[in-house]
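Visitor: Curious how this folds, go ahead:
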Amino acid sequence: FSTYIAEIFRAGIESVDRGQFEAARSMGMGFAKAMRRVILPQAFHVALPPYSNTLVMMLKDSALASTIAVTEMTRQGQLIAASTFDNTTVYTLVAVLYLLLCMPLMALTKRLEKRQIKGA
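Guide: Residues are numbered from 1 along each chain as shown. Have a look, this model is predicted:
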């Protein structure tokens, strides 16, 4: 996933017009200051939606961890369903728990996006 995240931020930085960097440099800003004050805030605004989607995807894909013997919710759900034969209830509960884990992350993303729009 680190490659996806790196690509998201690389694309965000490249989406900022080169003229923005040149304008910052012409105002006497060094490379680091121009990146920090001009380029990265604009790049973050562009990269935030795909980044948050990747974080949610990572959370949901944690179910794949069960294939390498890491105990997690989906695997525990499988074990409980196998012992109780109540698949519908168990998997519904697992889905609701994943939803409850994703909701705060989505709310945080929504708040950040609104703050970015107000600041723009």
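Visitor: switch to C-alpha atoms for all contacts and neighbour counts from now on
Guide: Will do.
Visitor: From the contact counts, what lies against the longest helix belonging to the chain?
Guide: Longest among the helix segments of the chain by residue count, using DSSP state H, is helix 87-119. If contacts are counted by 3 or more Cα pairs under 8 Å, 6 or more residues apart in numbering; DSSP states H and E, helix 87-119 sits against helix 40-60, helix 73-84.
Visitor: quick one: contacts of stretch 9-29?
Guide: F31, A34, M35, V38, I39, L40, Q42, A43, F44, H45, V46, A47 (Cα atoms under 8 Å, 6 or more residues apart in numbering).
Visitor: Quick check: end-to-end length of it?
Guide: 22 Å (Cα to Cα, to the nearest Å).
Visitor: Can you give me the buried ones in that stretch?
Guide: Of the residues in stretch 9-29, those buried by neighbour count under the rule 16 or more other Cα atoms under 10 Å are F9, G12, I13, V16, F21, A24, M29.
Visitor: right, and out of these, which lies closest to L55?
Guide: Taking Cα to Cα as the measure, F9 is the one of those closest to L55, at 13.4 Å.
Visitor: Tell me the secondary structure at that closest one.
Guide: helix (DSSP: H, G, I helix; E, B strand; the rest coil).
Visitor: of the contacts of stretch 9-29, buried ones?
Guide: For these, buried by 16+ other Cα under 10 Å: A34, M35, V38, I39, L40, Q42, A43, F44, H45, V46, A47.
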